[in-house]
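Q: starting from these lines, generate the structure:
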Amino acid sequence: MNGLASGMIVLVVGANGGIGEGVVRQFEQAGADVITHAGHSEGDLTDEQACRAFFQEAAARKGRLDAVVNSAGVQPVRQLDGMTAAQWREVIDTNLTIAFNCTQAAVQVMRETGGSVTHIASIEGTRPARGHGHYSAAKAALIMHARSAALEYGPLGIRCNTVSPGLVERPGIAEQWPEGVASWQRASPLGRLGKPEDVGNACVFLASPMGTWITGHDLVVDGGMSTSPAW
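A: Numbers count the residues shown, from 1 in each chain. Presented below is the predicted three-dimensional model:
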């Protein structure tokens, strides 16, 4: 991937998460100049005006933005039975409202120059998991939001895609969820969990000159798990 994003100005939202850190690393290795947003301390992106102000400041600092990757998200485990509206809204706001605000803010600064927006979705956007009803709903909506944005903003030269990871490594996951990790490894054709860099590589590809005719697409990065039969 070295040099694939050479000279690009890239903004990564949610850069303090495991996947976000992998996205930043891969863009930097590919030669991009990366700006990061790592949480509420740098502005609450669920607030429309705060989000637009941050994007405008970033573009002004570097002269432009070529690509945005939104990796903001939370994934609490809660059954639908007993879930409160506040718990629902927390997941929807972080996983979906931020994405909407980031898309609108990106369009404002890319309207004259074009560019790309990539949101990190999930394979749970098409395959639900128990205890993730709010998360799966948000990710399904995120995929459709990106497709709608691709349709409407394509004439401006702005592309919008999603990357849907499967189970990605993070510190302590094997100890915290040994049965889930073992089950994934058995069922996955490639026999391993993903790495944050695997997701980052997909984002670099979509934002790079190699992806200039790709928009409205959900790129699944799951080691082939989507091909594994459930019976």
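Q: okay, now the nearest residue to residue 157 once chain neighbours are set aside: neighbour count?
A: With sequence-adjacent residues excluded and distances taken as CB to CB, 6 or more residues apart in numbering, residue 157 is closest to residue 114, at 2.9 Å. Bear in mind the C-beta positions are built from the backbone N, C-alpha and C, glycine included. Residue 114 is flanked by 14 other residues according to other CB atoms under 10 Å.
Q: show the average pLDDT along stretch 21-37.
A: The pLDDT scores in stretch 21-37 average 96.
Q: tell me the buried residues in it?
A: 21-24, 26-32, 34-37 (16 or more other CB atoms under 10 Å).
Q: downstream of the longest strand along the chain, the next helix or strand is which one?
A: Looking across the chain with DSSP state E, the single longest strand is strand 158-165. Downstream of strand 158-165, the next assigned helix or strand under DSSP states H and E is helix 173-176.
Q: what are the ranges of the helices in this structure?
A: 18-29, 48-62, 85-92, 98-110, 133-153, 173-176, 178-187, 196-207 (DSSP state H).
Q: quick one: those as JSON lines, columns for distance to residue 123 too.
A: Below are those laid out as JSON lines (distance: least, CB to CB, whole Å):
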{"stretch": "helix 18-29", "distance to residue 123": "13"}
{"stretch": "helix 48-62", "distance to residue 123": "27"}
{"stretch": "helix 85-92", "distance to residue 123": "17"}
{"stretch": "helix 98-110", "distance to residue 123": "17"}
{"stretch": "helix 133-153", "distance to residue 123": "8"}
{"stretch": "helix 173-176", "distance to residue 123": "16"}
{"stretch": "helix 178-187", "distance to residue 123": "11"}
{"stretch": "helix 196-207", "distance to residue 123": "12"}
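Q: ok, now which ones touch the residue sitting nearest the centre point of the chain?
A: A centroid search over the chain (CA atoms, centre = their mean) returns residue 120, at 1.7 Å, as the residue closest to the centre. By CB atoms under 8 Å, 6 or more residues apart in numbering, the contact set of residue 120 is 14, 19, 23, 69-71, 73, 162-163, 165, 199, 203.
Q: and residue 128, how many neighbours?
A: Neighbour tally, residue 128, other CB under 10 Å: 14.
Q: no no, residue 56
A: Neighbours of residue 56 using other CB under 10 Å come to 14.
Q: how about the nearest residue to it, chain neighbours excluded?
A: Closest to residue 56 by CB to CB, 6+ apart is residue 109, at 6.2 Å.
Q: try residue 113
A: residue 64 (5.7 Å).
Q: related to what we said a few turns ago, closest one of the buried residues of stretch 21-37 to residue 92?
A: Residue 92 has its nearest neighbour among those in residue 37, at 19.5 Å by CB to CB.
Q: grab the nearest non-local neighbour of the closest one.
A: In space, residue 37 is closest to residue 13, 4.6 Å off (CB to CB, 6+ apart).
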